[in-house]
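Asker: return atomic coordinates for the entry below.
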Amino acid sequence: MSIPLGYFLIAWAVLLAVYGILVFLTLVQTLRHGLASPFTYASSFIFIAVIVIVVGGCGILFTNTDWKAEVNVVPSNISSTFFGDMETNALQDLQL
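Answerer: Numbers count the residues shown, from 1 in each chain. This is a model prediction of the structure:
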């Protein structure tokens, strides 16, 4: 059983959107209810800068990835060990 890598990209994008919403809420709460000082604004800027660097780095990495490749979730040798050889089982079912 194999899954295309593109599904993982879609899952990453959805989780990134959820993360973006949580970051927005965090920043709103920090700036609205935090101490009114330059340190609050500086820490918010550093927080956003780190996020941009990490997401940008992931984006650069993702441009060099072959998203049509597939990941084997259950390798064939394991599936044949647990479930038997599917072709042999199918032939035995036909012979009965």
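Asker: how about stretch 37-55: buried residues?
Answerer: Of the residues in stretch 37-55, none count as buried by neighbour count, 16 or more other C-beta atoms under 10 Å. Just so you know, the C-beta spots here come from the backbone N, C-alpha and C atoms, and that holds for glycine as well.
Asker: quick check: next helix or strand after the top helix by length along the chain?
Answerer: Assignment by DSSP state H gives helix 5-33 as the longest helix of the chain. Next in sequence after helix 5-33, counting helices and strands by DSSP states H and E, comes helix 38-63.
Asker: how far off centre is that next one?
Answerer: 18 Å (C-alpha atoms, centre = their mean, to the nearest Å).
Asker: so what are the sheet partners of the helix or strand following it and their directions?
Answerer: As assigned by DSSP H and E, the chain's next helix or strand after helix 38-63 is strand 70-72. Note on strand 70-72: by DSSP bridges, its sheet partners are strand 2-4 (antiparallel).
Asker: gap between the strand it pairs with and the chain center?
Answerer: On C-alpha atoms, centre = their mean, the centre of strand 2-4 falls 14 Å from that of its chain.
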